[in-house]
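A.B. asks: Any chance you can model this:
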Amino acid sequence: MNLFGRRPARTTVVPTHHRRSFFHRKDRDRVAGGYKAALSNPHTTRSGRKQAKRELQAMGRGHETHVPLMTKIKRALGIRSTPRRQRVRKVRY
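C.D. replies: Numbering: from 1, shown residues only. Coordinates of the predicted model:
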């Protein structure tokens, strides 16, 4: 124990990859679904949408990167699918 000097730096080991067993693999359809959701999510940044589009194209699902015109218009105008008055608030206890 060093009383008056500096503390030794704590080092942590961060795994660079995780081993997945046969039953714990990522479902490619769910991963693609997440990227497709990012394309239509109004809170996703422009760079995030570009990244999602690139990932879908890299997965061979480039035809699924189409975003409907109405979604683009709603995103540009900030229109939500459910008006704020009609949304149900979650009650926290």
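
A.B. asks: Any figure for the gap between residue 61 and residue 80?
C.D. replies: For residue 61, the distance to residue 80 equals 27 Å [C-beta to C-beta, to the nearest Å]. From N, CA and C alone the C-beta is placed, and that goes for glycine too.

A.B. asks: Neighbours of residue 56, how many?
C.D. replies: Residue 56 sits with 20 neighbouring residues when counted by other C-beta atoms under 10 Å.

A.B. asks: Does it belong to a helix, a strand or coil?
C.D. replies: helix (DSSP: H, G, I helix; E, B strand; the rest coil).

A.B. asks: shouldn't it be in contact with residue 36?
C.D. replies: Yes - between residue 56 and residue 36 there is a contact under C-beta atoms under 8 Å: 7.0 Å.

A.B. asks: any shared contact partners between the two?
C.D. replies: Shared contacts of residue 56 and residue 36 (C-beta atoms under 8 Å, 6 or more residues apart in numbering): 64-65.

A.B. asks: any idea of the pLDDT on the residue lying closest to residue 40 once chain neighbours are set aside?
C.D. replies: Distances taken as C-beta to C-beta, 6 or more residues apart in numbering put residue 71 closest to residue 40, at 5.2 Å, once the chain neighbours are dropped. What the model reports as pLDDT for residue 71 is 82.
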